[in-house]
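Chemist: Sequence and predicted structure, then a few things I'm wondering about:
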Amino acid sequence: MDKLQIVGGKRLQGEIAISGAKNAALPILCAGLLTAQDVKLTNVPHLHDVKTMLKLLAQTGLSVEQDGESVTLNGANINNLVAPYEMVKTMRASILVLGPLLARFGEAKVSLPGGCAIGSRPVDQHIKGLRQMGAEISIEGGYIHAKCARLKGARIHTDMITVTGTENLLMAAALAEGETVLENAAREPEVTDLAHLLVKMGAKIDGIGTDRLVIQGVNELKGASHGVISDRIEAGTFLCAVAATGGDIVLTRTRTDILDVALDKLREMGVELTLGENTIRARMDKRPRAVSFRTTEYPGFPTDMQAQFMAVDAIAEGASRVTETIFENRFMHVQELNRLGAAIEIDGNTAFIQGVDRLVGAPVMATDLRASASLVIAGMAAQGTTLIDRIYHLDRGYDQMEVKLSAVGADIVRIK
Ligand SMILES: CC(=O)N[C@H]1[C@@H](OP(=O)(O)OP(=O)(O)OC[C@H]2O[C@@H](n3ccc(=O)[nH]c3=O)[C@H](O)[C@@H]2O)O[C@H](CO)[C@@H](O)[C@@H]1O
Ligand SMILES: C=C(OP(=O)(O)O)C(=O)O
């Protein structure tokens, strides 16, 4: 198993190009199932999750051609409507094949994803919504088996805001008969990116970017070309790195308009930010100030950036409080940060962080994707050497993180 070895205390300086967003690319790849024509995608990041998704899609009969960051999909010969457990268990986004397969072929059998390290992560709202659209759904042997000759539009109000649920129902509604109204829809930029692709494919969607999506179903969708949006979480992660280590970095190929809260919190920490059209320059030459926050749905503070900001809070001046409202168990990084010398205590879904003067390198274990990123940041800020084990979590969602960071001066190497 690969490990990362980091020698801390290096100032960061230089440019980092941000990759396409994992959480946009995965649903967008599934949209390839909705048409018999070519869907041509660019800015698809090189990630383990993207590889897994392409493998899952290819075994349905979807043709996949990949050339660097470009992927062309063709769904003219889909002949297998099953997403097997072996694949789904490694990547929860696999559930996103359910809506498209059911809507286009009238049937789908998808393994239930189950929980993961950060929480139980049920998919009851996906199932409820599809049932409202007329699907017959049974759950047997760990599989969701859904059938419906043609889905019918419905008014669906999900019990909570669900990102993947909105995406699944949106893709299903695009090919349903009549009008679907998705109330309480997720407004995350990744949902919006998927909606923009669907519109290019001929879908009729109103209210994009709001919490009420109105979809007039069409009989067929066509091919389209689309560039995946830039990864706001990757950008936020590198900005936290510079907040923790100090330095002067410029992020390129980024989006400044979808990072609002994170940028506000970084400014509060003392990071000097200069925004260009697709660039963010971040300068930091002092100890960060502690910031408190609470994760919520977009446009609130993203749960996917909680761990990285906590790593900065760990060495900041002052005390802070971080409340996680999306997932019940997303504090796995706390124990590991404390192994590096952080002073963090957890009470229910709130972490209390007392900033310490210094962290000291140690062997630590990555437990999930963003927890891994927080350990990389902490390791870069710590004195001495940090060895991070189980970085396959990191490879799921970051495109060559150690390569990008060493190019701007971090001392970080992958040990095979
Ligand atoms: C709203 C939110 O911030 N969602 C995050 C969630 O998306 P992801 O799509 O994985 O999760 P959801 O948005 O669906 O879940 C939000 C909440 O609703 C609950 N739920 C969801 C669906 C369902 O059928 N039943 C149910 O109870 C979940 O357990 C969770 O507490 O994790 C992703 C990966 O970390 C993040 O990128 C998303 O920002
Ligand atoms: C936890 C994440 O992803 P996933 O939903 O694929 O587990 C994430 O993107 O932070």
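Modeler: Sure, I can see it. Ligands and ions are numbered 1, 2, ... in the order given.
Chemist: only C-alpha atoms for contact and neighbour calcs from this point on.
Modeler: Fine.
Chemist: Remind me which helix or strand residue 198 belongs to.
Modeler: Assessed by DSSP states H and E, residue 198 sits inside helix 189-200.
Chemist: Residue 333 too?
Modeler: helix 332-339.
Chemist: Mind listing what's buried along that helix?
Modeler: 332-337, 339 (16 or more other Cα atoms under 10 Å).
Chemist: contacting residues for residue 394?
Modeler: 366, 368-370, 372-373 (Cα atoms under 8 Å, 6 or more residues apart in numbering).
Chemist: Looking at the residues you listed, which are in helices?
Modeler: 369-370, 372-373 (DSSP state H).
Chemist: Let's have these in TSV, adding pLDDT.
Modeler: Below are the ones in helices among the contacts of residue 394 laid out as TSV (pLDDT from 0 to 100):
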residue	pLDDT
369	95
370	97
372	97
373	98
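Chemist: overlap between these and the residues near ligand 2?
Modeler: 369-370 (Cα under 6 Å from any ligand atom).
Chemist: Could you count how many residues lie near residue 408?
Modeler: 19 (other Cα atoms under 10 Å).
Chemist: hang on, residue 25 packs against residue 227?
Modeler: No. Counting by Cα atoms under 8 Å, residue 25 does not reach residue 227; the two are 9.3 Å apart.
Chemist: Neighbour count for the two, which is higher?
Modeler: The residue with more neighbours, out of residue 25 and residue 227, is residue 25; 27 against 17, by other Cα under 10 Å.
Chemist: State the phi and psi torsions of the more buried one.
Modeler: For residue 25, the backbone dihedrals (degrees, to the nearest 10) come out as phi -60, psi -40.
Chemist: same deal with residue 350?
Modeler: According to degrees, to the nearest 10, residue 350 has phi -120, psi 140.
Chemist: Right, and ligand 2 sits closest to which residue of the chain?
Modeler: Closest contact between the chain and ligand 2, by Cα to the nearest ligand atom, is at residue 304 (4.6 Å).
Chemist: Now do the contacts for that residue.
Modeler: Applying Cα under 8 Å, 6+ apart, the residues near residue 304 are 233, 370.
Chemist: That one falls within a helix, correct?
Modeler: Yes. If the criterion is DSSP: H, G, I helix; E, B strand; the rest coil, then residue 304 is within a helix.
Chemist: Bridging across strands, which residues link to residue 295?
Modeler: For residue 295, the beta-bridge partners under DSSP bridges are residue 301.
Chemist: Show me the beta-bridge partners of the nearest residue to residue 200 once chain neighbours are set aside.
Modeler: In space, residue 200 comes closest to residue 224 once its chain neighbours are excluded; the distance is 5.8 Å by Cα to Cα, 6 or more residues apart in numbering. Note on residue 224: beta-bridge partners residue 39, judged by DSSP bridges.
Chemist: what does residue 360 give?
Modeler: residue 383.
Chemist: what packs against the helix holding residue 198?
Modeler: The helices and strands touching helix 189-200, judged by 3 or more Cα pairs under 8 Å, 6 or more residues apart in numbering; DSSP states H and E, are helix 22-30, helix 163-174, strand 224-227.
Chemist: how far out from the middle of the chain is the first one?
Modeler: If I follow you right, that is helix 22-30. Relative to its parent chain, helix 22-30 has a centroid offset of 9 Å by Cα atoms, centre = their mean, to the nearest Å.
Chemist: helices or strands up against that helix?
Modeler: Checked by 3+ Cα pairs under 8 Å, 6+ apart, helix 22-30 has helix 48-58, helix 189-200 packed alongside it.
Chemist: Which SSE is immediately downstream of the shortest one?
Modeler: The first helix or strand that comes after helix 48-58 along the chain, using DSSP H and E, is strand 63-67.
Chemist: List the pairing partners of that following strand within its sheet, with orientation.
Modeler: Going by DSSP bridges, the partners of strand 63-67 are strand 70-74 (antiparallel).
Chemist: now the helices and strands packed on helix 189-200 as a markdown table including distance to residue 70 and mean pLDDT?
Modeler: Formatted as a markdown table, the helices and strands packed on helix 189-200 follow (distance: least, Cα to Cα, whole Å; pLDDT from 0 to 100):
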| stretch | distance to residue 70 | mean pLDDT |
| --- | --- | --- |
| helix 22-30 | 11 | 98 |
| helix 163-174 | 22 | 98 |
| strand 224-227 | 9 | 98 |
